[in-house]
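Q: Build me a model from this:
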Amino acid sequence: MKWAEVRQHFPERCVLVEALKSEIRGKERIIEEMSVIDDFSNGNAAWKVYKKLHAEDQNRELYIFHTNNEEIKVIEQPYIGVRRRV
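A: Alright, predicted model coming up:
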C-alpha cells in the first residue's frame with residue numbers, strides 16, 4: 001500500500017507498518033510500499049507490538065505512524081552509542 005491508501009483505510013489511527021519497498025535519498029528513507037501489520041487507538045499499544053516483533057526479527061523494517069499525518073518522513077541517523085569491552 002501507499003501512504004495515501006493507508007490513511008484512507010485507517011483514519012485517525014496509529015498504524016504499525018512494515019516497509020516492503022524503500023530507499024534512502026540523502027538522509028531520508030523513502031517508503032514507497034508498505035504493509036499494515038495492525039492499527040491501534042494509541043501509540044502505547046502499537047509500541048508494545050513493535051517491541052515484540054522487533055525482538056523476534058530485527059531485520060524487519062517496522063515503523064509506527066499516525067494517519068493524521070499527510071506525509072511520513074523517516075530521517076536516518078547513525079547509531080551513536082557506548083561500546084562495551086568484554
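
Q: phi, psi of residue 27?
A: The main-chain torsion angles of residue 27 are listed as degrees, to the nearest 10 and equal phi -100, psi 10.

Q: and it, what is it in contact with?
A: In this structure, residue 27 makes contact with 75, 76, 77, judged by CB atoms under 8 Å, 6 or more residues apart in numbering. The C-beta positions use only the backbone N, C-alpha and C, and glycine is treated the same way.

Q: In strands, which of those residues appear?
A: Judged by DSSP state E, strands contain the following of the contacts of residue 27: residue 75.

Q: By neighbours, which of the contacts of residue 27 wins?
A: In terms of neighbour count, residue 76 stands highest of the contacts of residue 27 at 10 neighbours, by other CB atoms under 10 Å.

Q: Once you drop chain neighbours, what's closest to it?
A: When the adjacent residues along the chain are set aside, residue 76 lies closest to residue 27, with 5.1 Å between them (CB to CB, 6 or more residues apart in numbering).

Q: Would you state the helices of this protein in chain order?
A: Using DSSP state H, the helices assigned to the chain run over residues 3-9, 43-56.

Q: Nearest to the spatial middle of this protein, which residue is it?
A: Centre of the chain computed as the mean C-alpha position; nearest residue by CA atoms, centre = their mean is residue 63, 1.0 Å away.

Q: got a list of what the residue nearest to residue 2 when sequence neighbours are not counted touches?
A: The shortest distance from residue 2 to any non-neighbouring residue, by CB to CB, 6+ apart, is to residue 33 (7.0 Å). For residue 33, the contact set (CB under 8 Å, 6+ apart) comprises 1, 2, 19, 20, 21, 22.

Q: Quick one: residues contacting the residue nearest to the centre of the chain.
A: Taking CB under 8 Å, 6+ apart as the definition of contact, the neighbours of residue 63 are 16, 17, 18, 19, 31, 34, 72, 74.

Q: What about those residues, which are in strands?
A: In strands, judged by DSSP E, the following of those are found: 16, 17, 18, 19, 31, 34, 74.

Q: quick one: contacts for the third one?
A: So the one you mean is residue 18. Applying CB under 8 Å, 6+ apart to residue 18 gives the contacts 34, 35, 37, 60, 61, 62, 63.

Q: repeat that for 10 Å
A: In this structure, residue 18 makes contact with 31, 33, 34, 35, 36, 37, 53, 60, 61, 62, 63, judged by CB atoms under 10 Å, 6 or more residues apart in numbering.
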